[in-house]
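Undergrad: can you look at this prediction? I've put the sequence above it.
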Amino acid sequence: MTPSDQNQPDAAKIGIVTVSDRASRGEYEDLGGPAIDAYLRQVLTSPWTPIARVIPDDRETIEATLRQLCEIEDCCLVVTTGGTGPSERDVTPEATEAVCDRMMPGFGELMRKVSLEKVPTAILSRQTAGLLGDSLIINLPGKPKAIAECLDAVFPAVPYCIDLMNGPRLETNPERMTAFRPKGK
């Protein structure tokens, strides 16, 4: 979608969160958030507005940011990048689980399966997804290439998930990806 779509009143709000100590301090260029934004611009044809944040690997900050995007900014979807590995500072999955009402384990399972086809260290990634109110939160790894691979795997189910939570209808570019919806939906 073009930037002009961001001004439409019915545009879906989508949170894009980069979790990185170095990027939040300006010591490292954020590549993950822009990779998510670029991906969504290729895939979505319905109007949407990105709400981007770059925050440190701090559980309280992550939890507060997720709550703000879902409960105050009214994002139907929040996609995070970073903080899903095994290091001590990688706490994005724990923060996500802490704020979510229900977890969606199939997202993480599928993302790891797809990533394992590319690299054996994908087993170390702890991506997850969950529901906070009427919002879907998806945790992705930090590498831009892995972001696209993981989103390609799970995104066909995202629009219908948002439908089931009475969110805005997300339409996809059929030349790039077809969202799955049962017949008549």
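TA: Happy to help now that I have it. Numbering: from 1, shown residues only.
Undergrad: now residue 181: how far from residue 160?
TA: The gap separating residue 181 from residue 160 is 5 Å, by C-beta to C-beta, to the nearest Å. (Each C-beta comes from the backbone N, C-alpha and C, glycine too.)
Undergrad: ok, residue 21 next?
TA: Distance of residue 21 to residue 160, given as C-beta to C-beta: 35 Å.
Undergrad: tell me the bridge partners for the spatially most central residue of the chain.
TA: Of all residues in the chain, the one closest to the mean position by C-alpha atoms, centre = their mean is residue 79, 1.6 Å from it. Assessed by DSSP bridges, residue 79 has beta-bridge partners residue 16, residue 138.
Undergrad: right, and it touches residue 32 too?
TA: No - assessed by C-beta atoms under 8 Å, residue 79 is found out of contact with residue 32, at 9.6 Å.
Undergrad: what is in contact with the two at once?
TA: Residues touching both residue 79 and residue 32 (C-beta atoms under 8 Å, 6 or more residues apart in numbering): residue 140.
Undergrad: verify the stated contact: residue 148 with residue 37.
TA: No - with contacts counted by C-beta under 8 Å, residue 148 stays clear of residue 37, the gap being 12.0 Å.
Undergrad: of the two, who's got more company?
TA: Each of residue 148 and residue 37 has its neighbours counted (other C-beta atoms under 10 Å); residue 148 has more, 18 against 15.
Undergrad: residues contacting the more buried one?
TA: 35, 39.
Undergrad: now it: which helix or strand?
TA: Residue 148 is located in helix 144-154, with elements delineated by DSSP states H and E.
Undergrad: what's the next secondary structure element after that helix?
TA: Next helix or strand after helix 144-154 toward the C-terminus (DSSP H and E): helix 158-164.
Undergrad: summarise which helices and strands that following helix is packed against.
TA: Helices and strands touching helix 158-164, as assessed by 3 or more C-beta pairs under 8 Å, 6 or more residues apart in numbering; DSSP states H and E, comprise strand 135-140.
Undergrad: and the strand it packs on, how far from the chain's centre?
TA: The chain centre lies 4 Å from the centre of strand 135-140; the measure is C-alpha atoms, centre = their mean, to the nearest Å.
Undergrad: dump the C-alpha coordinates for that strand into CSV.
TA: What follows is strand 135-140, C-alpha atoms only, in CSV (Å, rounded to 0.1, in the frame of the first residue of the first chain):
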residue,chain,number,x,y,z
SER,A,135,-5.0,-8.4,18.7
LEU,A,136,-2.7,-11.0,17.3
ILE,A,137,1.0,-10.7,18.4
ILE,A,138,3.6,-12.6,16.4
ASN,A,139,7.3,-12.9,17.5
LEU,A,140,9.8,-13.2,14.7
